Each structure stands twice: as C-alpha cells, then as structure tokens.
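>>> model this:
(2 chains)
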Amino acid sequence: MVEYSALALLKNAFTGNRDWKQAWRKPEPKPAYDVVVIGGGGHGLATAYYLAKEHGITNVAVIEKGWLGSGNIGRNTTIVRSNYLLPDSIRFYDFSVRLWENLSHELNYNVMFSQRGVLNLAHSPGQADEYIRRGNAMRHEGGDGVWLSRDEIARKVPGVDLSPNARFPVVGGLLQPRAGTARHDAVAWGYARAADRHGVDIVENCEVTGFLREGDIITGVTTTRGEIRAKKIALAVAGNTSRLLQMAGIDRFPIESHVLQAFVSESIKPLVNCVVTFGGGHLYMSQSDKGGLVFGGDLDGYNSYAQRGNLPLVEEVMSEMTAMFPAVARLRLLRSWGGVMDMSMDGSPIITKGPLPGMYLNSGWCYGGFKATPASGFSFAWTIAKGEPHKTNAPFTLSRFERGNVIDEKGQGPTPKLH
Amino acid sequence: MLIPCPHCGPREVSEFSYQGDATRTCPELTSTDVKAWYDYVYNRPNPAGPHREYWQHSGGCRAHLIVTRDTRTHEIHDVAFARAALNRAGEQA
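This is a model prediction of the structure:
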C-alpha cells in the first residue's frame, strides 16, 4: 500500500510518476459479509473505517455504484462548522469538529483541515439578535461563538461591502473560529485507504438493484456484480435514499431529493481568509488554497435527481456574490455543478437502526453532510455494531417526525428546504 | 427549463414558483387520525422519474398548474390547470 512522504515524491518524480501503487485494493465482491455499506461516499467510507477501527468489525464491504467519491463528497463547498442553535445539533456537530481536528493525524492522510473560521454576516438588528442568541447557545454547550462588530469585520475581511448604503447593510457578524474548510476529495481517499488497510473491501462500479429478504428481514443485496449477503445492510446513499428504500418496499419517506449547485471562480490572489456567509440571502463562500473562490447558495427548489441545476439560481447566487463582494463582479466563473441532496423535513439528519430488520439508515443530510462526515461515520458505525445509537446520534431518529419531536433549527415547520 | 403554461405558452422557469408534490391528499380537516396527518405532512414518494407537482405561474397569469416532470432529466411531460385536474379527480372520487 502506498505511503506518501517527501522521499516518495522525489523517488517517483525521477521515474515519471509511473510507479505509484494504488491507495486501496480493487477486490471482487465476496458472496457474504458481516456488514455491507451501500454508498462509497464520505459517510459510507467513514462508517466502514470506524466499524473496523472502533468495533473490530473488518468483514465489511463498501459498495459504490460509480467510482469512489463521485457523489456529494466531491460536490460540496468543503465547509466544516458547528454553529447551531439547538443542543442536539450543537453536540453532534461539535463532536464532528473535534474529530476533524485530529483527522489528518488519525488517517495519516492530509485532509487539509483549515480552521480559518466561519463568519455569518447579519444585516438587520433582528438578524443580529438571532445570531447573538445562536452564539450564546454555542458557548453554553462549550463551543465558540464570537460576535464581531462592523469595524472588526472591516479589519478581518476587507473585501466585504460594509457601506451603510448597501442594499443589505452589514450590522455585524457571528464568527466561529474553530470552523473552517477541508479538502473534500482527500477525506474520501483518506477514509478509503484507512478502511482498506483494516481489511474492508471497497467495491466500485457495483450498483444495488434490489434487496434479498427472508420474511421481513433484509439479508443481502442484488447488485450489477452479483448477489452479496450480509448480516447487516447499512445505507449511506444521500439523495438516493428514497430510491433504495423503494426497492425494499418502503414507498413513502420524510425526504425529498433536491439539486444544490456549487461554483468555483478562476484563481485570484488571497482575498478572504475565512468562510463568509451572506445573511441578506443565502450564500456561503471561501477561497481555496489554489485561489479560486468556492461558493454556493440555495437549492434550485424543485425535486431533482439530475445532478445539474438551472440558470435562474446561478443568476441569484452571482447577484448575492456581487452584493457582498463588489470587487469580484468582473471575475470569471470557472466551473459549476450540482449534487442531489437528501432534504429531510426538519433540516436534520436521520441516523438509525431500521426501518426494516437487518437494515441501518444514514440520511437526511440536507445542505450540510460534508461537515458531519466523521461524526456521521462514527455514530453510524456505533449504531450498526451495538444495535443502539451513540449518545450523539440518539436524537436523530426516524420516528421523531411521527412523535412531533423534530429538530428544526429555525422553527419553520415541515418543509424539505431547511438546514 | 421552460414550462409550457397552458395559458401563456412556454415560459422560463424563473416565472414560476414551485409548490411541491401534487399526489398528497389532505385528511378531512376534522380528522384526528394521527397516522394520516403524519403521512400527509411529512412523507413523500420522492420518485426518480415522472413526478406530479404543483407550480404557480406567479410571474405571469398566476394560474396554479399541475406539471408532470421527470426528476432525472427535468423533461416536462404534461401541464394542466390545477383546478381542472382537481375537479376531474373529484368527479371520479
């Protein structure tokens, strides 16, 4: 297996980089495993890694319909944060940030986690009150919320339009200093390599076509590469959750699949040293280490499995960008793309045993699956191994909707468009 | 994405507002059946394929429409006035 070092780089440079070994094996799927994880994205790979490392369950396969990391793990805007209001959310996402802080070390793979901070701009006294309340809630749970005045923002992020005549004048902002960004592909590759070393089989180009069952119990999957049986089947398939559950006979579920677009500009010299979000609309932006501005906004707003969006939303996001950073108006857009989000009805995820015997489910990530990757994998692996939830994911049940026990950050009521 | 409004002809999607799944049926307003309300409020079929959904031509004639659209390709198969479609369904019921 491949290890990276300065010496290895040098050695391979002399041989034209032709002799790098593969970072993980390409095994044929075995007929049976202890656990099959469906979905070779960030959450699926992290789940397999923590199953092996924390619980010693190594007879595991991760099956992926495309190539590894071809879904939302490579389509997000790479933001990691835990600036939430409700205690259940703060505890879960703060646990995730703590795992992020040690992730490169743990995986021996540089995921380039950069705690550059996330700054939420507030544009009205009401919004300022709301953000300060959220900052206080974070501090109350031991987190880090800091209120910045307009002058402090002017010093920290010089490019922001802070003029009092702006359409949405900035009154201040909530900063989470421990939040930041990470390199999303490296997260997938790092977890894949680490899981592979523990003996996990990662099977790419292996699409699930149906479930095997004995009575009510799910006992395996049929795939494009044959039948695979397992004692436990774990789903971590983001926007395709409803499709897979339909194969298992569950035709209604509290999730809608929506397309979310993201964008990257041409590279420029350093402009912003943290993640900045625009409170006058919905926009989040940071600058990658290569210099491109990476940003995204709202959902397109209609159900979609297409992995591509439409122009009206592109125009809306660009108009918000120029409202926040007038200096970038002449910048050229390099690329844009879309990912399919599993939008739950209260904006919070579902990590649980069930809904059928033999099945475990991890879904409902809405806008924010990437930041949750380590905690999601850790708590899902715990749930699979022990048959009961870890304390961090215990509130994120499926039954909470029916019990009226939703975790709705904004108190907006049931709509599949929430954070 | 263009939506062919039966009143105004094909128009840009930005003129329309999306109102969600059109296959849901609201329980009787006096119903106390918790399961039925839960199903109506939270659950969706969320198909990958043809999807019946409400749109309003809010930036045009303001008519409420029922559109059948493929969620995998965004191709639109059918558009009808919501009131006419609902009346037909009512007569059949």
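
>>> Just list the residues touching the residue of chain B most remote from its centre, thanks.
The C-alpha centroid of chain B is most remote from residue B:32, which lies 25.7 Å away (C-alpha atoms, centre = their mean). By C-beta atoms under 8 Å, 6 or more residues apart in numbering or on different chains, the contact set of residue B:32 is empty. For the C-beta atoms, the positions are set from N, CA and C on the backbone; glycine is no exception.

>>> any idea whether it is helix, strand or coil?
coil (DSSP: H, G, I helix; E, B strand; the rest coil).

>>> just residue A:380 next, same as before
helix.

>>> How about residue A:190?
Residue A:190 is classified as helix under three-state DSSP.

>>> contacting residues for the nearest residue to it once chain neighbours are set aside?
With sequence-adjacent residues excluded and distances taken as C-beta to C-beta, 6 or more residues apart in numbering or on different chains, residue A:190 is closest to residue A:109, at 3.2 Å. Residue A:109 sits next to A:4, A:186, A:189-190, A:193-194 when contact means C-beta under 8 Å, 6+ apart.

>>> And for the nearest residue to residue A:122 once chain neighbours are set aside, the neighbour number?
In this structure, residue A:122 finds its nearest non-sequential neighbour in residue A:128, 4.3 Å apart by C-beta to C-beta, 6+ apart. By the criterion of other C-beta atoms under 10 Å in any protein chain shown, residue A:128 has 19 neighbours.

>>> Identify the residues contacting the helix or strand where residue A:128 lies?
Element membership for residue A:128 (DSSP states H and E) is helix A:125-140. Contacts to helix A:125-140, defined as C-beta under 8 Å, 6+ apart, come from residues A:82-87, A:90, A:120, A:122, A:144-147, A:171-174, A:176, A:279.

>>> what's the distance between the residue nearest to residue A:122 and residue A:263?
28 Å (C-beta to C-beta, to the nearest Å).

>>> Specify the beta-bridge partners of the residue lying closest to residue A:241 once chain neighbours are set aside.
Nearest non-adjacent residue to residue A:241, counting by C-beta to C-beta, 6+ apart: residue A:363, 4.1 Å away. Beta bridges link residue A:363 to residue A:350 when assigned by DSSP bridges.

>>> Residue A:363 against residue A:234, yeah?
No - the criterion here is C-beta atoms under 8 Å, and residue A:363 misses it with residue A:234 at 10.9 Å.

>>> nearest residue to residue A:163 other than its sequence neighbours?
Counting by C-beta to C-beta, 6+ apart, the nearest residue to residue A:163 once its immediate chain neighbours are dropped is residue A:169, at 7.3 Å.

>>> give me every residue that touches residue 12.
Defaulting to chain A. Per C-beta under 8 Å, 6+ apart, neighbours of residue A:12: A:19-20.

>>> oops, I was thinking of chain B
Shown in contact with residue B:12 (C-beta under 8 Å, 6+ apart): A:312, B:1-2.

>>> again, but for residue A:31
For residue A:31, the contact set (C-beta under 8 Å, 6+ apart) comprises A:226-229.

>>> next one: residue B:73
residue A:306 are the contacts of residue B:73 under C-beta under 8 Å, 6+ apart.

>>> do residue A:287 as well
For residue A:287, the contacting residues are A:268, A:270-273, A:293-294, by C-beta under 8 Å, 6+ apart.

>>> Filter the residues you listed down to just the ones in strands.
Judged by DSSP state E, the subset of the contacts of residue A:287 located in strands is A:293-294.

>>> Check the contacts of residue B:12 for burial and list the buried ones.
Among the contacts of residue B:12, those buried by neighbour count (16 or more other C-beta atoms under 10 Å in any protein chain shown) are A:312, B:1.

>>> What number of residues are in the vicinity of whichever residue of the stretch 101-250 of chain A sits closest to chain B?
Taking C-beta to the nearest C-beta as the measure, the point where the stretch 101-250 of chain A comes nearest chain B is residue A:242, at 3.9 Å. Residue A:242: 25 surrounding residues under other C-beta under 10 Å.

>>> and it, how far is that from residue A:160?
39 Å.

>>> ok, now residue A:191?
Distance of residue A:191 to residue A:160, given as C-beta to C-beta: 35 Å.
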